[in-house]
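# Structure for this input, please:
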Amino acid sequence: MLIMVLAAAAATLAPADVHFRREYRAAPRAVRAFLIRRAGCNHWGGEEGYDADRARQIADAARQLRCNRIEADERRIKRRYAKSRRVRWLLATSRDWDTLP
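Here you go, the predicted model:
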């Protein structure tokens, strides 16, 4: 049963998503961690603080993800992996994503 569910989920992925996942799994751990952080920052940055509790939840998430450092961290990763076509592609492809496939 679980195999059928997983197969159905995999079948719904677009070829680009499959390619992204393959490249993502092969990327260095620091790059994968950064991509997760950036997607989280993009997600929380798009949320509305419609009341004090929600605004606090958004601020806490942004602080835990260190969203105020995301651009500097991206520059650092770009310098460190400047020769890696994979890393450059992953960074460019997922730039505005708020979740990873």
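
# for this structure, what spans make up the helices?
2-11, 15-26, 29-45, 52-64, 70-80, 85-93 (DSSP state H).

# And Thr99, its phi and psi?
Main-chain torsions, Thr99, degrees, to the nearest 10: phi -160, psi 160.

# any idea how far the closest residue to it other than its chain neighbours is from Glu71?
Leaving aside its sequence neighbours, Thr99 sits nearest to Ala39 (Cβ to Cβ, 6 or more residues apart in numbering; 5.6 Å). For glycine as for every other residue, the C-beta is placed from the backbone atoms N, C-alpha and C. Distance, Ala39 to Glu71, by Cβ to Cβ, to the nearest Å: 15 Å.

# more crowded one of these two?
Ala39 (17 against 11; other Cβ atoms under 10 Å).

# any idea how far Arg22 is from that one?
18 Å.

# any idea how far Asp98 is from Tyr50?
Separation of Tyr50 from Asp98 (Cβ to Cβ): 18 Å.

# ugh, typo on my part, it should be Asn42
With Cβ to Cβ as the criterion, Asn42 and Asp98 are 4 Å apart.

# for Arg21, same thing?
Applying Cβ to Cβ to Arg21 and Asp98 gives a distance of 17 Å.

# circling back to that earlier point, mind giving me a markdown table with the helices of the chain and columns for mean pLDDT?
Shown next, in a markdown table, are these (pLDDT from 0 to 100):
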| stretch | mean pLDDT |
| --- | --- |
| helix 2-11 | 44 |
| helix 15-26 | 92 |
| helix 29-45 | 97 |
| helix 52-64 | 96 |
| helix 70-80 | 98 |
| helix 85-93 | 97 |
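
# Highest mean neighbour count out of those helices?
Among the helices of the chain, the stretch with the highest mean neighbour count (mean count of other Cβ atoms under 10 Å) is helix 29-45, at a mean of 17.

# That one packs against which elements?
For helix 29-45, the elements it packs on are helix 52-64, helix 70-80, helix 85-93, judged by 3 or more Cβ pairs under 8 Å, 6 or more residues apart in numbering; DSSP states H and E.

# Could you tell me the angle between that helix and helix 85-93?
0 degrees (axes from the mean of the first three to the mean of the last three Cα atoms, to 10 degrees).
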